[in-house]
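>>> here is my input, please return the structure:
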Amino acid sequence: WMADIDMRKVSLNTSSVFKQRYALVLLWFATAGEYWHQSLIFLTDDHECDWNVPSYQGLDGSVLDMGVQCNTFKEVTGLVLQGMNLTGIIPLEIRILSKLEQVSLDHNNITDFESFRHLTNLNKLTVGYNKFLTRRIPEWIGELSNLQTLSLSASGIVSTLPTQLKQLTELSTLAMDNNKMKGMLDVLEDMPWLVNVYLGNNIFTGTITDTFLQSLQIIEVLDLSNNQLRGSLESAFLEHRPRLHFLDLHNNFLDGPLPDMPRSS
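Model prediction:
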């Protein structure tokens, strides 16, 4: 396409510019771009940083681009393609986009995310609601040390929480709900920096006591609903977490009375 059709005719002499456009073109072909729900202006003569459309509203009310996002140097820093019907495997050449900070590919038909392994500048990786064939969280996830948000919700994962997660010291939001994950939640004890945790609708086991996940002192949202946790909720659990404003433990195997709710300051 770049050789025969692309009117932009990017020169091979501008190596980094050529490679960036090439990686995005290959992404389109590898994920059946002709069947995406929107073209997002991909494979037009425009600069690849313009392959996007104003599509969704951010939490601050600003309108954000769906598609390719770039910095002021025309380097690709974001791929926002939720619900676009991407199908297949993300090509390994995506690693060419070494400045990528955000990848949002939720609600597609992607079968593997191994290609993101070397994108160490990523601070947001949301690839939930896909159809991964590996069905486990890879150990290399701990190499993405700049991650602040990681979402693998509803992707058929059946593994345990890997210990490598505790290497993600910048991570504040962890979402792996609606899978079939199992085992204990001990690794969370080594992640006191977590603020939002969504692990509902899995098969996690363990006993809730007054010291359960005691290191999570700044947690604000904790969803462990629909698992196989036992024990009882103690008042100390709430008292030691002054920022906690959402707690969901329904449909586990808990017993005993509900504790008194701590008064807000």
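>>> the residue nearest to Phe246 when sequence neighbours are not counted and Trp36, how far apart?
Closest residue to Phe246 apart from its sequence neighbours, by CB to CB, 6 or more residues apart in numbering: Val221 at 4.5 Å. Yep, even glycine has a C-beta here, placed from its N, CA and C like the rest. Plainly put, Val221 is 32 Å away from Trp36 if you go by CB to CB, to the nearest Å.
>>> ok, back up a step: so the residue nearest to Phe246 makes contact with His245?
Yes - contact criterion CB atoms under 8 Å: Val221 and His245 qualify, at 7.3 Å.
>>> higher neighbour count, those two?
More crowded of Val221 and His245, by other CB atoms under 10 Å: Val221, with 17 against 11.
>>> ok, what's across the strand from the more buried one?
Going by DSSP bridges, Val221 is paired in beta bridges with Asn196, Phe246.
>>> repeat that for Leu254.
Beta-bridge partners, per DSSP bridges, of Leu254: Gly231.
>>> Provide the secondary structure category for Trp140.
Assigned by DSSP: H, G, I helix; E, B strand; the rest coil, the conformation of Trp140 is helix.
>>> kindly check the end-to-end length of stretch 185-205 for me.
Start and end residues of stretch 185-205 are separated by 8 Å (CA to CA, to the nearest Å).
>>> buried ones in it, by neighbour count?
For stretch 185-205, a neighbour-count test (16 or more other CB atoms under 10 Å) marks 185, 188, 191, 193-202, 204 as buried.
>>> the top strand by length along the chain pairs with which strands, and in what direction?
Assignment by DSSP state E gives strand 63-70 as the longest strand of the chain. Using DSSP bridges, the strands paired with strand 63-70 in its sheet are strand 52-57 (antiparallel), strand 76-80 (antiparallel).
>>> which one of those strands lies closest to Trp1?
Nearest of the strands paired with strand 63-70 to Trp1, taken as CB to CB: strand 76-80 at 17.9 Å.
>>> looking at it, Ser215 is touching Trp193, isn't it?
No - here Ser215 does not reach Trp193: they are 9.6 Å apart, not a contact under CB under 8 Å.
>>> neighbours of the residue nearest to Arg117 when sequence neighbours are not counted, how many?
Among residues not flanking Arg117 along the chain, Trp140 sits closest, at 5.0 Å (CB to CB, 6+ apart). As a burial measure, Trp140 scores 13 neighbours (other CB under 10 Å).
>>> so Trp140 versus Ser225, what's the distance?
Applying CB to CB, the value for Trp140 to Ser225 is 29 Å.
>>> one more: Thr134?
Thr134 is 26 Å from Ser225, where distance means CB to CB.
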